[in-house]
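**Student:** One predicted model, sequence on top.
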Amino acid sequence: MTRDTVYDVMVIGAGFAGMAASLFASSRGLSVAQAGTTGGIDFSTGFIDLMGVHPVSEQRRRMRPWKAVEAVVRDCPGHPYGLVERDELAASINEFTAFLAEQGLEYVGHDDRNTCVLTPAGTVKRTYRVPRTAWNGVVALEQKAPTLIVDFHGLKGFSAKQLMQTRKDSWPQLEAVRVEFPAGRGELYPEHMAWALADPANRVRLAETVMARAGGAEYVGFPAVLGLNDPLKVVTHLEELTGKKIFEIPTMPPSIAGPRLRGAFDRGLPAKGVRTLSQKMVLKASAADGDMLRFEVGTGAAAVTVTAKAAILATGRFFGKGLRANRQGMTEPLFNIPVVQPRTRDEWHGPDFFGPQGHPANMAGIEVDSRLRPLGDGAPVHRNLFAAGAILAHQDWMRMKCGAGLAIATAFKAVKELTG
Ligand SMILES: Cc1cc2nc3c(=O)[nH]c(=O)nc-3n(C[C@H](O)[C@H](O)[C@H](O)COP(=O)(O)OP(=O)(O)OC[C@H]3O[C@@H](n4cnc5c(N)ncnc54)[C@H](O)[C@@H]3O)c2cc1C
């Protein structure tokens, strides 16, 4: 095991919160080490939700995210959005999406309202920022314009026909077609298709196939397989070739959106000086000299010890492995931070398992002070330990539709607090 330099901050986690924390900290001149394996970001549909549903018990879907944030802070005591000012929240999303744009993943949306986008099931989702490559689909949906949805023989998890049937009543000029993919038959995977479309010759063949079936459609929607690192280039080329407005719809998770986002951070964070300990877990955390923290990261010959002046815990909930659950209850495994949770296991779930209101267990997590420092026995566990993202208590990002927004905003705030 090798001993390392002292970093300003150790970021524990490589989901939306961990990536955002590393980005914000490195952009402010801090030296950063980051560890973590696959997180929710790898499975995301690529949309950045700010606040989509409140109250969840009524399934009230919101078009005005800022009003919804205000309401959730008022109605849900302890919700982490209550710790972030509106201008901080807006700045965090802007800085995050500006970085993604530099990496070739442009995001768009309205500042004061959510955007309606198509999901692979044909339902409509409200979200705050969408990839530029999905935007023509937003316009087509809004205008109910003549649109063709294309899918491919051999691609699972995306059915143009199902999507068309779901929307047909409200969108009569929506058509569906299934075609052969120009570069491969049999079972197809989005990532392989995306790589294949990096070759302009395959795009030309795809455009020819689609044009033969497009009729009077003004817009053509594809499953999100249009390139991996530079999807806008693929979309623009297809628009030139077809004369149609092209857009992407995410496939079912895991979709290509996750690898695109991960790729952007894998390229961009090391370029900003972040030491990324990719696919490595922090196995042990302890207090070191003064107010420092020490971490044992990874196993075997590749194991390292990292010492840092501060740390941001962005380890997510059960999916990310930031929390564990057993018959006795829920625990936080790294620092043994108390987890706010129902008193007994019997109270984890309500009687209606699929009820829209979710379950008390969905609000479990760690509590923090106003500076986002995890609390144990009413006081910060460590004066230089901060937390961000899904691990925070008193929120149910999945039902409230605030996943990425909450992760990015709390990472922004945590970095601000540790530098302040
Ligand atoms: C299928 C799916 C689709 C989604 N779609 C959307 C969407 O369209 N829009 C949206 O806004 N949100 C979406 N989300 C939600 C969003 O991804 C989550 O809100 C977000 O992942 C929470 O981020 P996080 O970084 O806090 O936690 P996570 O994403 O869970 O990441 C936790 C990270 O911590 C790491 N970790 C855990 N323990 C350790 C340790 N000991 N040492 C080092 N690292 C550790 C994990 O390896 C992981 O990298 C989706 C999530 C899923 C699962």
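**Tutor:** That came in fine, so what should we check first? Residues are numbered from 1 along each chain as shown.

**Student:** Let me see the contact set for D49.
**Tutor:** By Cβ atoms under 8 Å, 6 or more residues apart in numbering, the contact list for D49 reads T127, Y128, W397, K401, C402, G403, A404, G405. The way it works is simple: take the backbone N, C-alpha and C, and place the C-beta from them, glycine included.

**Student:** which residue ranges form the helices in the stretch 251-400 of the chain?
**Tutor:** Here the stretch 251-400 of the chain has its helices, by DSSP state H, counting those that start in this stretch, at 257-271, 397-400.

**Student:** Ok, which of the ones you listed comes nearest the ligand?
**Tutor:** helix 397-400 (4.7 Å; Cβ to the nearest ligand atom).

**Student:** thought G78 was touching A393?
**Tutor:** Yes: between G78 and A393 a contact is recorded at 6.4 Å, counting by Cβ atoms under 8 Å.

**Student:** Residue numbers of the stretch 301-420 of the chain in contact with the ligand?
**Tutor:** Residues of the stretch 301-420 of the chain found near the ligand (Cβ under 6 Å from any ligand atom) are 314-316, 319-322, 334, 389-390, 397, 403-404, 407.

**Student:** Recalculate using a threshold of 8 Å.
**Tutor:** 314-317, 319-322, 333-334, 388-391, 397-398, 401-407 (Cβ under 8 Å from any ligand atom).

**Student:** Which ChimeraX command selects the buried ones in those residues?
**Tutor:** Here is the ChimeraX command that selects only those of those that count as buried (16 or more other Cβ atoms under 10 Å):
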select :314,315,316,317,320,321,322,334,388,389,390,391,397,398,401,402,403,404,405,406,407
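
**Student:** Apart from its chain neighbours, what residue comes closest to the single nearest residue of the stretch 101-250 of the chain relative to the ligand?
**Tutor:** Using Cβ to the nearest ligand atom, T127 is the residue of the stretch 101-250 of the chain that sits closest to the ligand, at 6.4 Å. In this structure, T127 finds its nearest non-sequential neighbour in F47, 4.0 Å apart by Cβ to Cβ, 6 or more residues apart in numbering.

**Student:** Do I have it right that the one you found meets K125?
**Tutor:** Yes: between F47 and K125 there is a contact under Cβ under 8 Å: 6.9 Å.

**Student:** between the two, which one's more packed in?
**Tutor:** Comparing F47 with K125 by other Cβ atoms under 10 Å, the one with more neighbours is F47, at 24 against 19.

**Student:** Tell me how far the more buried one lies from G298.
**Tutor:** Look at F47 and G298: by Cβ to Cβ, to the nearest Å, they are 32 Å apart.

**Student:** Same check on K309?
**Tutor:** When K309 is compared with G298 (using Cβ to Cβ), they lie 21 Å apart.

**Student:** need the strands for the stretch 51-200 of the chain, in chain order.
**Tutor:** 107-108, 115-118, 124-127, 130-131, 147-152, 174-179 (DSSP state E, counting those that start in this stretch).

**Student:** The third one: how far from the chain's middle?
**Tutor:** Using Cα atoms, centre = their mean, to the nearest Å, the distance from the centre of strand 124-127 to the centre of the chain it belongs to is 15 Å.

**Student:** Hmm, P55 is touching R74, no?
**Tutor:** No: here P55 does not reach R74: they are 11.0 Å apart, not a contact under Cβ under 8 Å.

**Student:** sorry, back to before: shared neighbours, F47 and K125?
**Tutor:** V117.

**Student:** Neighbour count: P55 and R74, which is higher?
**Tutor:** Neighbour count, other Cβ under 10 Å: between P55 and R74, P55 has more, with 16 against 11.

**Student:** State the distance from that one to A71.
**Tutor:** Applying Cβ to Cβ to P55 and A71 gives a distance of 8 Å.

**Student:** same check, this time on F265
**Tutor:** Counting by Cβ to Cβ, the gap from F265 to A71 is 32 Å.
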